[in-house]
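Asks: I'd like to go over a predicted model; first the sequence, then the structure.
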Amino acid sequence: MKNILVSLVWLILLLLPTPQAWCQTKTASWYSRASCKREGTSGILTASGQPYDEHAMTCALPHHRFGGVYQVCGEAGCATVKHTDYGPGRQARARGVVIDLTPAGFLKACGNLRRGICRVEVERETSHATTAVSVVSKPDSRTEATDSE
């Protein structure tokens with residue numbers, strides 16, 4: 001009986017569709033507490049309720065669930081960021097911006113804040129393993145968030 005149950009579970013797992021990776025190659029921008037205030041939000045809390053931290057490896061996406069982990073690769077390298085906010089704004093999306101990064105994430109992926117925007121490839125990590133992403137990179141912080149998919 002146990003072997004039949006195990007076989008049935010394996011069969012069900014094999015028949016389930018594998019998660020589709022979300023991937024886009026477009027433009028990224030960065031946002032700060034000051035830009036949030038200019039747009040009418042507090043700049044203190046993100047839409048997910050977490051405090052906004054410019055040193056954190058986080059991002060804003062328009063139509064995704066909070067907590068997803070994304071790999072953002074640009075000219076300077078790749079940044080692993082956690083989705084904690086909604087954005088970019090409508091005007092930026094109309095110009096092809098698909099993701100807003102904190103300055104820390106933008107520096108790691110694009111290398112220079114003065115540019116304001118850069119071409120990136122954004123891919124959602126679909127691993128079922130638990131992925132730990134540091135949401136605060138300040139040396140005195142011991143806060144880590146995890147994302148279980």
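Replies: Happy to help now that I have it.
Asks: From here on, just use CA atoms for contacts and neighbour counts.
Replies: OK.
Asks: Report the residue spans of this structure with pLDDT below the cut-off.
Replies: Within the chain, the stretches with pLDDT under 70 are 2, 5-23, 39-40, 42, 127-149.
Asks: redo that, cut-off 80
Replies: For the chain, the stretches flagged by pLDDT under 80 are 1-25, 35-43, 126-149.
Asks: Could you pull out the helices in it for me?
Replies: Remark: helices assigned in the chain by DSSP state H are 2-15, 33-38, 90-94, 103-110.
Asks: Any buried residues in stretch 106-118, and which?
Replies: 106-111, 117-118 (16 or more other C-alpha atoms under 10 Å).
Asks: Could I get these in CSV, plus columns for distance to residue 25?
Replies: Converted to CSV, those look like this (distance: C-alpha to C-alpha, whole Å):
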residue, distance to residue 25
106, 15
107, 18
108, 17
109, 13
110, 14
111, 17
117, 13
118, 11
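Asks: Determine which two of those are furthest apart.
Replies: 108 and 117 (13.0 Å; C-alpha to C-alpha).
Asks: ok, residue 54 to residue 27 distance?
Replies: For residue 54, the distance to residue 27 equals 19 Å [C-alpha to C-alpha, to the nearest Å].
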